[in-house]
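Participant: For reference, the sequence and a predicted model appear below.
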Amino acid sequence: MSTHSASATEARRVATGGAHGKAILLGEHAVVYGAPALALPLPALSCRAAVRRSKQARPGPLRLRRVVPVPQGLADETEEEVPEEFRLLLDAFARRAGLRETPPLEILLDSRIPPARGLGSSAANARALVHALDRLFDTGLSERDAFELVQVSERSAHGLASGIDALATGSTRPVLLAEGRHSTPPVGTAFQIVVADSGSGSGTRKAVAMLRDAFARDPGHGARFVDRSAELTRAALGDLTDGRLASLGRRLTACHDLLAGLGLTTERTDALAGTALDAGALGAKMSGGGLGGCVLALTATPKEAEAVAGALSREHDARTWTAPVTEGAGHDGS
């Protein structure tokens with residue numbers, strides 16, 4: 001092969017990166033005010049990015065194609081403008097990689113994570129893209145580098161971004177974010193989490209702004225919310241470590257009630273949580289930004305998870321996914 005042909009082949013090389021969804025178990029919203037939060041990975045909801053250099057000379061991302069899941073397990077491919085959060089991420093990557101400008105790129109994003117549901121779609125998309133870029137340019141990014149680049153995108157997409165989504169979409173174990181540090185908490189016994197889609201988007205940016213304005217008007221209310229959320233999360237961590245699933249479930253339900261008091265739940269998410277509890281779940285709550293999105297339900301066994309998922313499907317026609325959480329030791333993050 002000639003040098004010219006080899007260079008042309010390298011220029012059109014495709015590099016890929018992956019990530020997955022996540023669900024917030026406890027601590028959403030309060031985490032951006034310094035309270036701890038606990039998130040779980042959702043490996044069944046995967047995301048893959050493929051990147052290659054464009055033949056065109058103009059710098060910057062030229063084309064973004066998305067593979068979007070549609071009913072009956074099929075997928076539809078669309079082409080769209082590259083969103084601002086990706087442009088900022090790509091500019092930051094170019095600086096980190098020592099490139100003089102953002103190179104002309106073509107991006108294909110194949111994500112099976114429903115967007116705007118509080119399942120970490122935006123963070124997973126960004127993380128998959130970062131890993132693909134890292135491989136394309138052979139930059140050898142550290143996990144800290146990858147996290148910081150994902151955060152560039154997340155802050156653009158959501159305004160405030162605690163970092164819990166950026167961490168959990170790349171983890172295989174539960175992630176605790178507390179006092180600016182992340183770790184993997186110990187899990188004393190295995191359990192199941194059923195995730196139910198309410199069918200309406202989670203208004204994360206709207207919810208963040210709503211709480212910011214409310215707490216600015218009444219700082220005491222904000223402080224009480226953050227303190228109560230932190231209390232529930234810390235107690236739940238003890239339950240998680242010791243394998244007290246019934247107690248852990250009660251913390252989840254109490255967290256749902258706390259978020260409902262802030263106006264973050266809807267009739268639909270309240271109904272889904274109630275149905276899950278009636279079907280035998282040990283606890284149930286909204287997850288993520290709220291104002292729509294998803295509900296989580298805790299069960300001890302796969303059979304119980306199947307029963308809860310079946311009830312949510314029958315009574316509410318809700319899409320569901322189940323995530324097993326296995327027993328395991330904890331460790332400090334990097």
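Facilitator: Nice, I can see it. Numbers count the residues shown, from 1 in each chain.
Participant: Could you use CA atoms for every contact and neighbour count after this?
Facilitator: Will do.
Participant: Quick one: list the elements packing against the strand or helix carrying Asp110.
Facilitator: Taking DSSP states H and E as the definition, one finds Asp110 inside strand 105-111. In terms of contacts (3 or more CA pairs under 8 Å, 6 or more residues apart in numbering; DSSP states H and E), strand 105-111 is packed against strand 37-53, strand 61-69, helix 121-137.
Participant: Quick one: closest of those to Ala235.
Facilitator: Among those, strand 37-53 comes nearest to Ala235, with 11.7 Å by CA to CA.
Participant: Show me how far that closest one is from its chain's centre.
Facilitator: 8 Å (CA atoms, centre = their mean, to the nearest Å).
Participant: quick one, strands of the stretch 101-250 of the chain?
Facilitator: Using DSSP state E, counting those that start in this stretch, the strands found in the stretch 101-250 of the chain span residues 105-111, 175-178, 181-184, 191-197.
Participant: I'd like those strands laid out as JSON lines, including distance to Ala323.
Facilitator: Below are the strands of the stretch 101-250 of the chain laid out as JSON lines (distance: least, CA to CA, whole Å):
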{"stretch": "strand 105-111", "distance to Ala323": "18"}
{"stretch": "strand 175-178", "distance to Ala323": "14"}
{"stretch": "strand 181-184", "distance to Ala323": "17"}
{"stretch": "strand 191-197", "distance to Ala323": "5"}
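Participant: Make CSV out of those strands and add mean neighbour count.
Facilitator: Below are the strands of the stretch 101-250 of the chain laid out as CSV (neighbours: other CA atoms under 10 Å):
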stretch, mean neighbour count
strand 105-111, 23
strand 175-178, 24
strand 181-184, 18
strand 191-197, 25
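Participant: partner strands of the strand holding Asp110, parallel or antiparallel?
Facilitator: strand 37-53 (antiparallel), strand 61-69 (parallel) (DSSP bridges).
Participant: May I have it exported as CSV, CA atoms only?
Facilitator: C-alpha atoms of strand 105-111 as CSV (Å, rounded to 0.1, in the frame of the first residue of the first chain):
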residue,chain,number,x,y,z
LEU,A,105,-15.6,15.2,12.1
GLU,A,106,-18.5,13.0,11.4
ILE,A,107,-20.3,11.5,14.4
LEU,A,108,-22.8,8.6,14.6
LEU,A,109,-24.6,8.2,17.9
ASP,A,110,-26.5,5.0,18.6
SER,A,111,-28.2,5.4,22.0
